[in-house]
Every structure is written in C-alpha cells, then in structure tokens.
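Novice: what follows is a protein structure lacking sequence information:
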C-alpha cells in the first residue's frame with residue numbers, strides 16, 4: 001500500500017470516528033438535557049470509592065465518549081495533526097466544570113446543545 005493511499009485510508013477513518021463521536025455526543029446531550037445523569041461525570045472523583053454495582057449504574061455515555069476521544073486523538077497524532085479534536089475539547093471543558101456553584105448536568109447539556117446550534 002502506498003504512503004498516500006494509507007494516509008487517505010486513515011483520513012477517512014478519522015472522519016468516520018469524528019462523525020460517530022458527534023452523533024453519540026448529541027444523542028447523549030439530548031438525554032442529559034432531559035434529566036439523565038452521568039454524562040459529565042460530576043461524581044467521577046469518587047469513582048474509586050464506589051462499589052461494583054454502583055459503578056455499573058453510572059453513565060456508560062461518559063465512559064464511551066472518553067474512549068472515543070482517546071481513539072480520535074491517537075489517530076490525529078498518527079496523521080500529524082497538532083491541534084486537538086475541537087468537539088472533544090469542548091466536551092472536556094463542560095465536563096471539567098466542577099465546584100459547589102457548578103450547575104447540575106442538564107443545564108450544561110442544554111448550553112452545549114445551544115452552542116452546537118441544536119437547541
């Protein structure tokens with residue numbers, strides 16, 4: 001396989017992964033805006049203290065999105081991109097909103113959907 005065709009294949013794979021990430025993100029943001037908890041992992045710092053059953057009840061969406069982000073960032077690095085995947089970076093920024101005055105999860109989900117022009 002030539003170097004150019006390998007790069008084209010990786011570029012197509014990256015576009016597909018980024019598109020899938022966006023689709024999953026929007027789907028989960030809509031659920032979260034409607035009241036589903038766990039997407040922004042506001043209780044993440046206590047994860048190690050939870051029992052196995054409680055961990056299973058935590059949002060799979062947040063875990064899935066983080067996993068997808070790692071895969072995308074790895075592929076972007078392999079292709080030589082220096083900038084991060086913008087949508088994942090925005091998700092991380094919303095996810096990192098912590099503290100006693102941070103809003104509950106539905107509010108940032110609604111704000112993020114508005115930012116994406118989907119609310």
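Specialist: Right, received. Where do you want to start? Everything numeric in this text was worked out from a predicted model, so none of it was measured.

Novice: run through the protein and note the low-pLDDT ranges.
Specialist: The chain contains residues with pLDDT under 70 at 1, 41-59.

Novice: helices along that one, start to end?
Specialist: 3-33, 52-57, 60-78, 86-95, 106-115 (DSSP state H).

Novice: and these as CSV, adding mean neighbour count and distance to residue 39?
Specialist: From N, CA and C alone the C-beta is placed, and that goes for glycine too. As requested, the helices of the chain are exported to CSV (neighbours: other Cβ atoms under 10 Å; distance: least, Cβ to Cβ, whole Å):
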stretch, mean neighbour count, distance to residue 39
helix 3-33, 15, 4
helix 52-57, 9, 14
helix 60-78, 15, 5
helix 86-95, 16, 8
helix 106-115, 17, 7
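
Novice: what about stretch 98-105, start to end distance?
Specialist: 11 Å (Cα to Cα, to the nearest Å).

Novice: residues contacting that stretch, please?
Specialist: Stretch 98-105 has contacts (Cβ atoms under 8 Å, 6 or more residues apart in numbering) with 32, 37-40, 42, 97.
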